[in-house]
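Colleague: Okay, here's the prediction I keep looking at, along with the sequence it came from:
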Amino acid sequence: MRHTSTSSTRSLTAIAVGLAALACGDATGVDPEDLVGTWSAFTAVATNPADPAETADLVAMGVSITFIIEATGRIETIFEFQDIVDRDVGMLTVTDDEFTLVIEGRPVTGTMSRQDDTLMMHIITGVEWDFGDDGLDEPATLLLEMQRSR
């Protein structure tokens with residue numbers, strides 16, 4: 001499947017930033033300093049909630065998602081797909097294992113967990129993907145798993 005929509009590119013960037021939500025508070029039991037560094041996605045699977053059998057493996061498609069998390073809670077995301085490189089900065093709130101991220105005025109929500117140097121996030125709202133490869137973005141959920149690289 002090929003996907004080049006700019007709005008979906010921004011949606012996916014917002015998704016990536018969402019995983020970094022753990023850096024912005026310790027309500028999840030994670031101290032922000034535990035997350036400082038650069039994180040790279042090794043799993044990124046979008047699912048159509050209207051038809052859960054319809055999925056898109058973004059990593060297999062060549063998508064690269066990187067987060068740079070600072071001790072201040074500032075989060076930079078880098079989303080790369082084909083010749084598209086999109087960088088954004090966002091802020092978020094965390095309550096227990098739930099997060100809300102707002103980047104460019106768009107909210108992204110979901111749940112997350114961390115074990116050692118692996119972050120996992122299930123993004124429930126605020127994501128879109130062109131499942132039909134017809135230029136029309138549809139609501140999606142996204143599962144992200146990331147590894148700290150430094």
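Modeller: Happy to help now that I have it.
Colleague: Show me what Glu138 bridges to in the sheet.
Modeller: Taking DSSP bridges as the rule, Glu138 bridges to Trp129.
Colleague: Show the contacting residues for it.
Modeller: Counting by C-beta atoms under 8 Å, 6 or more residues apart in numbering, Glu138 touches Asn48, Ala50, Glu128, Trp129, Asp130, Phe131, Gly132. Backbone N, C-alpha and C define where each C-beta goes, glycine included.
Colleague: What's the separation between it and Val127?
Modeller: Remark: distance between Glu138 and Val127 (C-beta to C-beta, to the nearest Å) = 10 Å.
Colleague: State the phi and psi torsions of the residue nearest to Leu136 when sequence neighbours are not counted.
Modeller: Nearest-residue entry for Leu136: Asp130, 6.3 Å, with adjacent residues in sequence omitted and distances by C-beta to C-beta, 6 or more residues apart in numbering. Phi and psi for Asp130, reported as degrees, to the nearest 10, are phi -90, psi 80.
Colleague: Now neighbour count, pLDDT and distance to Gly110 too, for the contacts of Glu138, in JSON lines please.
Modeller: Converted to JSON lines, the contacts of Glu138 look like this (neighbours: other C-beta atoms under 10 Å; pLDDT from 0 to 100; distance: C-beta to C-beta, whole Å):
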{"residue": "Asn48", "neighbour count": "17", "pLDDT": "97", "distance to Gly110": "16"}
{"residue": "Ala50", "neighbour count": "10", "pLDDT": "94", "distance to Gly110": "18"}
{"residue": "Glu128", "neighbour count": "19", "pLDDT": "93", "distance to Gly110": "14"}
{"residue": "Trp129", "neighbour count": "25", "pLDDT": "93", "distance to Gly110": "15"}
{"residue": "Asp130", "neighbour count": "20", "pLDDT": "94", "distance to Gly110": "20"}
{"residue": "Phe131", "neighbour count": "21", "pLDDT": "94", "distance to Gly110": "19"}
{"residue": "Gly132", "neighbour count": "12", "pLDDT": "90", "distance to Gly110": "24"}
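Colleague: Fine, thanks again, bye for now.
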